Every structure is written in structure tokens, then in C-alpha cells.
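**Student:** the following comprises the amino acid sequence and a computationally predicted model.
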Amino acid sequence: MIKGSFQRSCFFIVIQSTPQTAKVGYFSCMIPSWFNWKLVLVCIAILLVSGTIIYSQYLAGKIAREERKNVEAWVEAQRTILNSSDSASINLASKISTENSEIPIIETNERDSITGNYLNLDTARVNADKQYLHTKLLEFKAYNNRPITVVLKDSPFTANRYYYGESKLLKEIRLYPIIQLIIVALFIMIAITALQTSYRSAQNQLWASMAKETAHQLGTPVSSLQGWLEILKEEKNNERIVPEIAKDVDRLLLVTDRFGKIGSEPQFVLKKPAEQIEHMVDYMKKRTGGHVAFALDNSQIEEIQVQLSPTLFDWVLENLIKNALDAIEGNGTISIHSGIQEGYLLIDVTDTGKGIAKIHVKDVFRPGFTTKKRGWGLGLSLSKRIIEQYHKGKLFVKWSEPGKGSTFRIILPLQKPIPASGQNNS
């Protein structure tokens, strides 16, 4: 049993006799850590917003009550100015009247017809738009349908009614929770993005480290096998077994090379994808049963050349074909169709297998996800990384229907991909 850690305890890995053990050891530790942070951030956001809304509503209600008292005082001051003959009372009433510079007020008669008197409204708009006062009156009624009434005469009944709206301060208090909600939402988005970036970076660094260590560990025994192979070549009666052993050693060298390239900046060369596809299909045909049919159509791309990392591109094709073979369970058809569309190379790998359930489509590229009894669940994840991060293309499930099959699509730009800076550390 090999144990290892990476940066912190949540990246603990256990590798035992089965890959499922390692998968549980790593992913059961990584994912809960991420979801705990996410849950904490959401809870903090809910508490902040809820507390702000409650307190803002309290302040808004308090200010609204104070503003009604101020309007009542202003109305009483107006009545005092009209009816009083005492200079001291008039002076006090005038001071109260001039102090109201925030609360908008409209005066109507007993029939709610606008008298033409108003306060703290835009005079220019009143003069330019005849309906402006009526619109504001409806707005004030919707805000508070309890006007302040001053009875001028009992018989016949004559009165002035004063409708008022929200002051600028009250509007700002009501808007404050919305503004804070936007700020908190932005904070949560930035924090989640930062956590996701950190999580992916740590995950990518771990995959790269594991791949390089695997390549390193394979290197020594493969070199030893090459030496033993040369010894076998010198002995007689080994002509039948040496070529087959050589093929297996070459295969091990290819696997070692593939793992060694993960996490490093690959070397791109101008290659014909059609030749790479044909080579991989021929290789896989020899290792499948007679009940598996292959249909290959590269007619549209036979002369097309694309910048590829041949070793890694072959790995992607092999993973997709192996995935199709698992899906058809030894009996069915695997079709590979290639074409050109709007400056991109399209490669579709289709099988007539069991298909993928809709709930699993979004998970097939997630590291560790597999529906097989045996397997690491890394093939499609690594394939997506090779196509999207190294070749600057796309790899996705184009179509899948349970019981009918699936289609995986590769999209590659025809121009040379530019490796991202710092790729060797991801």
C-alpha cells in the first residue's frame, strides 16, 4: 500500500490493489472539502442579506412614520399662516414650512382634483407635461392612501387634501438591500470562482504528478525488459516469441511516453488526422472480436493537415474507441466519421451500445466517474484535457440515448494551437 499527500489533508490518496480504493481515497476527500466551503459562503450570504433586509425595513418604517409627522406639521403650519394673526405663530409656521425640502407634496380639493399647489417636485417637468402631476398623484396614493385633510368649511363641505410621496432618503434606504445583495452576489461569485480555480489547479497538479511518477516508475522495468529482449534475440529458437514480446515492450514504451507528456508542454507537428485515425482503428481491430464492426469515413479530410501531438491524439482516439467497445459489450458497430465545418475539423465516434443516461451525461468527463466494475474513470477526463487544454479544441457528448448508442465529438481548430503559459505546472 502506498500513501501520499498533496498540500493539505483533503488531498490524501490511498492506492491499494484495486483502482476503486484509490478513487474513493482521493475523491471522497476532495469533493466534501469543496462543498463545505460552498455551503459556508452561501450561509454567510443568506445571513448578511436577511439581516440587512430586516434592518432596512425597520429603518424605512421608522423614517416613513417620521415623514408623516413632518407632513402633518407642514400642513398645520400652512393653516396657521392662513388663519393666524399672531406674528410669532406666523414666524414659527413659516420656519416649519421652509424646512421641508425633501418630501414631495400635492394639494387636492375634497373631490381629489389637483388645485395646482405642490411642493418639492420638478417645476420644469410640471410645466412641460400636463399629466405629470396626475401621474405623481397616483404614485403618492399607491404609496399612502391616507391623505392629511384640512377642513375649510363644513357646509358646504370644503377641504384640502395633501398627498405625499417618499423622500430621497427613504428611497435610498429601500434600495440599499438590493445594492448590498448585488455586492454580496458578486463577492460570492468571485469567491466561488477563486475556489474552483484553486481546486482545479490542485487537481491538475496532482494528475500531472501522478502521471509523471507513473512514467518514472515504468521507465526502469521497461528498460530492463528491453535489455532482456536483446538477449533473447541473440539466442536461437526464439524467432517466434521475440517479435511479439517486442510489440508489448513498444506498447509499454508508448504508455510511458504518454504519461510523461501529461503536465508538460507537448510538441506539435503537422500531421494528417486521417492517417492517425486509420492507424488507431487498424490497431484496435486486431484486438477486438469478430462481432464488432468498424465503419470509417475520412473521405473529407484525407489531405487535411493539422498541428497535433501524435502520441496524445492517438491516446484520445484509443480512449474513445475503448469506451465504445465497452458500451457495445463485444457486439455492435463503431462508426468514425470526419469532416470540415467553418474552419474546424470534426471527428465523431459513434457506437450502437447501451448509451448514457441523461443524468450521467454531464458526469462522464468528471475524474473518477465510471459505470464499469473495474476502471479508474480517468480515460475520458484525460482525453478532454488533452483536446481542450493542449489542442485548444472541444470534446463532448454530441448525442446519446439509452439502448441506442452514443456519439462523442472532437472539434479541432485547423490553425496551430498555442499552448497556455504555465501549462507544465497544470
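**Tutor:** Okay, I see it.

**Student:** for K285, what are its contacts?
**Tutor:** By Cβ atoms under 8 Å, 6 or more residues apart in numbering, the residues touching K285 are F294. Placement of C-beta: from N, CA and C, glycine included.

**Student:** that one and L325: what is the separation?
**Tutor:** From K285 across to L325, the span is 11 Å (Cβ to Cβ, to the nearest Å).

**Student:** just N145 next, same as before
**Tutor:** Look at N145 and L325: by Cβ to Cβ, they are 75 Å apart.

**Student:** the two: who's more crowded?
**Tutor:** L325 (19 against 8; other Cβ atoms under 10 Å).

**Student:** ok so the more buried one is a helix residue?
**Tutor:** Yes: under DSSP: H, G, I helix; E, B strand; the rest coil, L325 falls within a helix.

**Student:** quick check, it in contact with F294.
**Tutor:** No: L325 lies out of contact with F294 (Cβ atoms under 8 Å); the separation is 10.3 Å.

**Student:** what touches both of the two?
**Tutor:** Jointly contacting L325 and F294 under the rule Cβ under 8 Å, 6+ apart are M284, I334.

**Student:** ok, for F268, nearest residue in space, not its chain neighbours?
**Tutor:** Q307 (4.4 Å; Cβ to Cβ, 6 or more residues apart in numbering).

**Student:** list the strands paired with the strand or helix carrying that neighbour, with their directions.
**Tutor:** Per DSSP states H and E, Q307 falls inside strand 306-308. Sheet pairing for strand 306-308, assigned by DSSP bridges, gives strand 269-271 (antiparallel).

**Student:** may I have the helix or strand immediately after the partner strand in the chain as PDB, with CA atoms only?
**Tutor:** Counting by DSSP H and E, the next helix or strand C-terminal to strand 269-271 is helix 273-285. Below are the C-alpha coordinates for helix 273-285, written out as PDB (Å, rounded to 0.1, in the frame of the first residue of the first chain):
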ATOM      1  CA  PRO A 273      -5.600  13.200 -38.800                       C
ATOM      2  CA  ALA A 274      -7.000  10.700 -41.300                       C
ATOM      3  CA  GLU A 275      -3.800   8.700 -41.100                       C
ATOM      4  CA  GLN A 276      -3.800   8.800 -37.300                       C
ATOM      5  CA  ILE A 277      -7.400   7.600 -37.200                       C
ATOM      6  CA  GLU A 278      -6.800   4.800 -39.700                       C
ATOM      7  CA  HIS A 279      -3.800   3.600 -37.800                       C
ATOM      8  CA  MET A 280      -5.700   3.600 -34.500                       C
ATOM      9  CA  VAL A 281      -8.700   1.800 -36.000                       C
ATOM     10  CA  ASP A 282      -6.400  -0.900 -37.500                       C
ATOM     11  CA  TYR A 283      -4.700  -1.300 -34.200                       C
ATOM     12  CA  MET A 284      -8.000  -1.700 -32.300                       C
ATOM     13  CA  LYS A 285      -9.500  -4.000 -34.900                       C
END
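
**Student:** for helix 273-285, what is the average pLDDT?
**Tutor:** What helix 273-285 shows for mean pLDDT is 93.

**Student:** now stretch 414-426
**Tutor:** Mean per-residue pLDDT for stretch 414-426: 47.

**Student:** what about the residue of the chain most remote from its centre, distance to V349?
**Tutor:** Computed with Cα atoms, centre = their mean, the residue of the chain farthest from its C-alpha average is S85, at 73.1 Å. S85 sits at a distance of 99 Å from V349 (criterion: Cβ to Cβ).

**Student:** so what's the residue count around R251?
**Tutor:** Using other Cβ under 10 Å, the number of residues around R251 comes to 12.

**Student:** got a pLDDT number for it?
**Tutor:** As predicted, R251 sits at a pLDDT of 79.

**Student:** what of G260?
**Tutor:** pLDDT for G260: 79.

**Student:** quick check: which element contains it?
**Tutor:** Secondary structure (DSSP H and E) places G260 in helix 241-261.

**Student:** what sits against the residue farthest from the centre of the chain?
**Tutor:** Here S85 is in contact with no residue (Cβ under 8 Å, 6+ apart).
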